[in-house]
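Novice: sequence? don't have it. structure:
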């Protein structure tokens, strides 16, 4: 059994997300794009009483800003009517923010009976659809509307409601529910305990940082959950024996029962036997007092990366061993955190082997590392960008995914969610632009430059599927190569607001550099002095000589472009226009 679809509405920055999931799914995206929020939302319908510290109730900050802003705008626009109780309850109900997360399962025939209470519909062939939902909603909209009216009436008429947002939407009037859609009754614990999840969060840097304790709350909770009743009875018994040994060896009875040996004759009349009783600490306290070691030394003495590697290996193994449920979800935030390249390989190989070897386990992890993306199986990727989700298996055809897999220079992270990205035809353009940006002093740059093979149409189409509604921008710098039709086809994409395609005026890059402004006279002196070039008396001869030279010549030119002798060299017009469009010049 696997989760095949997730729908998220108004959870933090995830306004409306609907994506397919695979058995192993990699979540990619920029910082603050919503990856951690996605992993958290995915687990909300799976919350049960057994989950230790995860609260089913959410907070005001968990409600998406977009839905809250619409709510506050409605209140501001209808302030007078609300204060007088003249707003229809149905109108008010429609604008109250709510959070909903629905997960959809595929269920094997052998699991269908156990999952019968999760069925929401049946097809004509008898095939069932299984879903589970979590909601965080206002439990009494009439009470909320009356509360809003009271807040308005107790606020000076000239004052803005901007500073009263928490009072206008008190989460004390909210409640959660875990239920099967289209069914009235909430699910019982007996139903929910069939489905389990565990999470390894990114905030794990303190793991085993202490020489005296275990260091990971998640690991302590996991070990505590694994203890059976008989094991806990045995621990308590052994603790009592341990305590009796301490009491005997330390002579506690003699110290505390002073009345037995005092010279005060009637002391025993006032004080009976003072007993020393064991004070069995909570199991979590016992486990947290354990000290971890590695190779006969404290784990705290190992590097941060190694501690992270060991924590993940131990926890994932323990989760698999402890799992006896119908379905288990494991979410991992940034498994590559602090790991060197080799350990990233080990970690990636390990989690994929674990997932493939356990049919009832589903793995969803977020990553910033290409090491954790399989180019042979790109359909497993979900991109989170500006609070929206894009599953590659839904966004791209098989041919498009194959096209991405076959490209040797493709960096998916740079291509799909760089806010500013430029694709160029070769290393010459890449070196030139990077040198130009490097020499722009007192300027921050977030531009990514990717060398790409000839022909950009397919990759532009793929980029547009992900970025057409984002603020990201894509620049394309290409050579003319005496192909006017190809130029026309590529530059047709300039009709999009966030794509900028420019082509050399002349045959290729070196021609345009030489022909631009006063560049020829500057470059003629440079190449004569630097390499002793002769017979470069015209722009055409210089261009021809440069194009036939080795790549090292262009590299050195790019290194020197910030020096005094080349300080007045102008960028070719087609490159300058792209940089200007991307707000770099």
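Specialist: Cool, the structure landed. This structure is a prediction, so every number in the text was calculated from the model and none was measured.

Novice: so residue 19: helix, strand or coil?
Specialist: At residue 19 the chain is in strand, as set by DSSP: H, G, I helix; E, B strand; the rest coil.

Novice: how close does it sit to residue 399?
Specialist: Counting by CB to CB, to the nearest Å, the gap from residue 19 to residue 399 is 21 Å. (C-beta placed from N, C-alpha, C; glycine too.)

Novice: next: residue 426.
Specialist: Distance from residue 426 to residue 399, by CB to CB: 25 Å.

Novice: between those two, which one's more packed in?
Specialist: residue 426 (17 against 8; other CB atoms under 10 Å).

Novice: so for the nearest residue to that one once chain neighbours are set aside, what's the pLDDT?
Specialist: Leaving aside its sequence neighbours, residue 426 sits nearest to residue 451 (CB to CB, 6 or more residues apart in numbering; 5.9 Å). pLDDT, residue 451: 82.

Novice: show me the strands in the stretch 101-250 of the chain, by range?
Specialist: In the stretch 101-250 of the chain, the strands defined using DSSP state E, counting those that start in this stretch lie at 119-122, 128-138, 174-179, 195-200.

Novice: for the stretch 201-350 of the chain, which spans come out with low pLDDT?
Specialist: 203-223, 225-226, 247, 250-277, 288, 290-293, 295-296, 299, 318-324 (pLDDT under 70).

Novice: tell me the domain boundaries of this protein?
Specialist: 1-206+326-336+357-368+378-395, 207-325+337-356, 400-581 (automatic domain parsing).

Novice: could you tell me the least trusted of those domains?
Specialist: Minimum mean pLDDT among the domains of the chain: domain 207-325+337-356, a mean of 72.

Novice: so who does the spatially closest residue to residue 32 that is not a sequence neighbour touch?
Specialist: Closest residue to residue 32 apart from its sequence neighbours, by CB to CB, 6+ apart: residue 13 at 7.8 Å. When contacts are counted by CB atoms under 8 Å, 6 or more residues apart in numbering, residue 13 touches 32, 33, 34, 37, 64, 65, 387.

Novice: how far away is residue 13 from residue 61?
Specialist: For residue 13, the distance to residue 61 - CB to CB - is 11 Å.

Novice: burial measure for residue 188, as a count.
Specialist: The burial count for residue 188: 10, using other CB under 10 Å.

Novice: could I get the full set of helices for the stretch 1-150 of the chain?
Specialist: Under the criterion DSSP state H, counting those that start in this stretch, helices of the stretch 1-150 of the chain are mapped to 35-43, 65-77, 79-83, 89-95, 141-153.

Novice: could the ones you listed go into JSON lines alongside mean neighbour count and distance to residue 496?
Specialist: Below are those laid out as JSON lines (neighbours: other CB atoms under 10 Å; distance: least, CB to CB, whole Å):
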{"stretch": "helix 35-43", "mean neighbour count": "23", "distance to residue 496": "27"}
{"stretch": "helix 65-77", "mean neighbour count": "16", "distance to residue 496": "24"}
{"stretch": "helix 79-83", "mean neighbour count": "16", "distance to residue 496": "41"}
{"stretch": "helix 89-95", "mean neighbour count": "13", "distance to residue 496": "34"}
{"stretch": "helix 141-153", "mean neighbour count": "16", "distance to residue 496": "42"}
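
Novice: count the residues that sit near residue 237.
Specialist: 10.

Novice: before we move on, what about the one 5 residues further on?
Specialist: Under the neighbour criterion other CB under 10 Å, residue 242 is assigned a count of 11.

Novice: do residue 500 as well
Specialist: Residue 500 has 21 nearby residues by other CB under 10 Å.

Novice: cool, residue 196 as well?
Specialist: 24.

Novice: which residue packs closest to it, ignoring adjacent ones?
Specialist: Nearest non-adjacent residue to residue 196 (CB to CB, 6+ apart): residue 325, at 4.5 Å.

Novice: contacting residues around the one you found?
Specialist: Residue 325 neighbours (CB under 8 Å, 6+ apart): 193, 194, 195, 196, 360.

Novice: for residue 384, see how far away the residue nearest to residue 6 when sequence neighbours are not counted is.
Specialist: With CB to CB, 6+ apart as the criterion, residue 6 has its nearest non-adjacent residue at 5.2 Å, and that residue is residue 103. The gap separating residue 103 from residue 384 is 17 Å, by CB to CB.

Novice: save the contacts of residue 325 as a markdown table, and put in distance to residue 175 too.
Specialist: Listed next are these as a markdown table, based on distance: CB to CB, whole Å:
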| residue | distance to residue 175 |
| --- | --- |
| 193 | 22 |
| 194 | 24 |
| 195 | 21 |
| 196 | 24 |
| 360 | 31 |
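
Novice: filter those down to just the buried residues.
Specialist: Neighbour counting with 16 or more other CB atoms under 10 Å marks 194, 195, 196, 360 as buried within these.

Novice: okay if I get those residues as JSON lines plus distance to residue 140?
Specialist: Formatted as JSON lines, those follow (distance: CB to CB, whole Å):
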{"residue": "194", "distance to residue 140": "32"}
{"residue": "195", "distance to residue 140": "30"}
{"residue": "196", "distance to residue 140": "33"}
{"residue": "360", "distance to residue 140": "40"}
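
Novice: identify, from the residues you listed, the entry nearest to residue 9.
Specialist: Checking the buried ones among the contacts of residue 325 against residue 9 by CB to CB gives residue 195 as the nearest, at 20.7 Å.

Novice: residues contacting that closest one?
Specialist: 46, 48, 132, 325, 326, 327, 329.

Novice: would you mind measuring from the fourth one to residue 24?
Specialist: Right, residue 325. With CB to CB as the criterion, residue 325 and residue 24 are 19 Å apart.

Novice: burial count for residue 509?
Specialist: Neighbours of residue 509 (other CB under 10 Å): 26.

Novice: likewise residue 105?
Specialist: Residue 105 has 21 neighbouring residues, counting by other CB under 10 Å.

Novice: contacting residues around it?
Specialist: So residue 105 contacts 1, 2, 3, 4, 115, 118, 130, 131, 132, 327 (CB under 8 Å, 6+ apart).

Novice: redo that, cut-off 6 Å
Specialist: 1, 3, 130 (CB atoms under 6 Å, 6 or more residues apart in numbering).

Novice: out of the residues you listed, the closest to residue 285 would be?
Specialist: Relative to residue 285, and with distances defined as CB to CB, the nearest of those is residue 3, at 35.3 Å.

Novice: in the sheet, who's paired with the closest one?
Specialist: residue 105 (DSSP bridges).

Novice: number of nearby residues for it?
Specialist: Around residue 3 there are 24 residues (other CB under 10 Å).

Novice: that one reaches residue 102, doesn't it?
Specialist: No. Counting by CB atoms under 6 Å, residue 3 does not reach residue 102; the two are 10.4 Å apart.

Novice: where along the stretch 401-550 of the chain do the strands fall?
Specialist: 420-424, 447-451, 473-478, 499-503.

Novice: let's have these in CSV, adding distance to residue 227.
Specialist: Listed next are the strands of the stretch 401-550 of the chain as CSV, based on distance: least, CB to CB, whole Å:
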stretch, distance to residue 227
strand 420-424, 51
strand 447-451, 50
strand 473-478, 55
strand 499-503, 58
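
Novice: most neighbours per residue, which of those?
Specialist: strand 473-478 (a mean of 25; mean count of other CB atoms under 10 Å).

Novice: wait, residue 104 sits on residue 131?
Specialist: Yes. Counting by CB under 6 Å, residue 131 is a contact partner of residue 104 at 5.1 Å.

Novice: ok so, going back, now, of the contacts of residue 13, which are buried?
Specialist: 33, 34, 37, 64, 387.

Novice: and those residues, which is closest to residue 349?
Specialist: Nearest member of the buried ones among the contacts of residue 13 to residue 349, counting by CB to CB, is residue 33, at 26.7 Å.

Novice: and of the helices of the stretch 1-150 of the chain, who's closest to residue 169?
Specialist: Here helix 65-77 is closest among those (CB to CB), at 6.6 Å.

Novice: next, the angle helix 141-153 makes with the closest one.
Specialist: Calculated by axes from the mean of the first three to the mean of the last three CA atoms, to 10 degrees, helix 65-77 forms an angle of 60 degrees with helix 141-153.
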